[in-house]
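Novice: Build the 3D model from these lines:
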Amino acid sequence: MNFASTRLIAADINASVAFYEKATGTPATWSTPDFAELRTPAGATLAIGSERTVPLFAPDSAVPAANRSVILEFLVEDVDALWKELATWVTDVVAEPQTLPWGNRSLLVRDPDGTLVNFFTPVTPEAREKFGV
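Specialist: From the prediction side, this is the model:
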């Protein structure tokens with residue numbers, strides 16, 4: 001079994017896709033006006049569906065802007081440099097870059113539906129070794 005992707009259900013799919021494209025520098029591939037995917041060079045996929053896709057699975061099984069248990073995490077080359085870019089347009093900043101006890105320097109923001117997003121750079125030798133950077 002292979003983990004294939006993480007899917008978000010968005011109230012405004014265009015705003016959500018634009019957020020992730022701009023924040024990650026990764027272009028989305030649209031399958032339909034209600035479904036897009038961002039594939040990172042490392043092979044991870046973030047899928048984004050509009051709330052109109054939910055009934056295709058099961059009515060009322062997912063609700064946009066209701067998540068408070070998942071953090072999407074993106075390994076970036078330089079979180080401080082990214083912060084300088086994001087600070088000009090991200091409106092919901094949870095925590096500016098800080099170095100955490102496990103060796104990652106992390107920036108926490110929320111996407112248009114309130115999902116917590118962590119951009120991080122390993123900075124200690126142990127963390128850098130863990131991620132192979």
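
Novice: Next, the buried residues of the helix or strand of the chain with the lowest mean pLDDT.
Specialist: Between all helices and strands in the chain, the lowest mean by mean pLDDT, DSSP states H and E belongs to helix 54-57, at a mean of 92. Within helix 54-57, the residues that count as buried by 16 or more other Cβ atoms under 10 Å are residue 54. Using the backbone N, CA and C atoms, a C-beta is placed for each residue, glycine as well.

Novice: Name the strands paired with the next helix or strand after it and say parallel or antiparallel.
Specialist: Next helix or strand after helix 54-57 toward the C-terminus (DSSP states H and E): strand 71-75. In the sheet, strand 71-75 lines up against strand 116-122 (parallel) (DSSP bridges).

Novice: what sits up against the partner strand?
Specialist: 23, 70-80, 82-83, 86, 94, 103-111, 128, 130-131, 133 (Cβ atoms under 8 Å, 6 or more residues apart in numbering).

Novice: and the residues you listed, which of them are in strands?
Specialist: Judged by DSSP state E, strands contain the following of the contacts of strand 116-122: 71-75, 94, 104-110.

Novice: and residue 20, that's in a helix?
Specialist: Yes: using DSSP: H, G, I helix; E, B strand; the rest coil, the assignment for residue 20 is a helix.

Novice: That one and residue 37 touch, don't they?
Specialist: No: using Cβ atoms under 8 Å, residue 20 is not in contact with residue 37; the gap is 10.1 Å.

Novice: residues contacting residue 105?
Specialist: Residues counted as contacts of residue 105 (Cβ under 8 Å, 6+ apart) are 79, 80, 97, 98, 99, 120, 121, 122, 123.
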